[in-house]
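Engineer: Here is my input, please return the structure:
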Amino acid sequence: MPHPPACFIGVDMGTTNTRAWLVVDGRIASTARASVGIRDAAVAGSAALLHSTVAKLARELESEAPFGGAPRCIVAAGM
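Structural biologist: Numbers count the residues shown, from 1 in each chain. You can find the predicted model right below:
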């Protein structure tokens, strides 16, 4: 039986936007984006919006992962 594809989610969060990619076997399979960034956390005085935004984008991308290839981790970079 073949192994499921290697799969992870990459996230880049900047000042005003958050971008995420579903990477399957080293290739971008899908993308998601939100107009939420570090500035929003600074204005709100809380990181709650950032957390919920990353969770929402991850759920969107997870729903597009190939059968048996659920993302194994999230790799994040940015501000």
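
Engineer: Not counting sequence-adjacent ones, nearest residue to Gly26?
Structural biologist: Nearest residue to Gly26, sequence neighbours excluded (CB to CB, 6 or more residues apart in numbering): Ala6, at 7.4 Å. (Each C-beta comes from the backbone N, C-alpha and C, glycine too.)

Engineer: from what I can see that neighbour touches Leu22, true?
Structural biologist: No: at 11.6 Å, Ala6 does not count as touching Leu22 under the criterion of CB atoms under 8 Å.

Engineer: Who has more neighbours out of those two?
Structural biologist: Taking neighbours as other CB atoms under 10 Å, Ala6 and Leu22 compare with Leu22 leading, 25 against 12.

Engineer: Run the chain-centre distance for the biggest helix by length in the chain.
Structural biologist: Using DSSP state H, we find that the single longest helix of the chain is helix 48-62. Computed by CA atoms, centre = their mean, to the nearest Å, the chain-centroid distance of helix 48-62 equals 7 Å.

Engineer: Contacts only, for the residue most central in space within the chain.
Structural biologist: The geometric centre of the chain, computed from its C-alpha atoms, lies nearest to Ala20 (CA atoms, centre = their mean), at 3.9 Å. Listed by CB atoms under 8 Å, 6 or more residues apart in numbering, the contact set of Ala20 reads 9-12, 31-33, 54, 57-58, 60-61.
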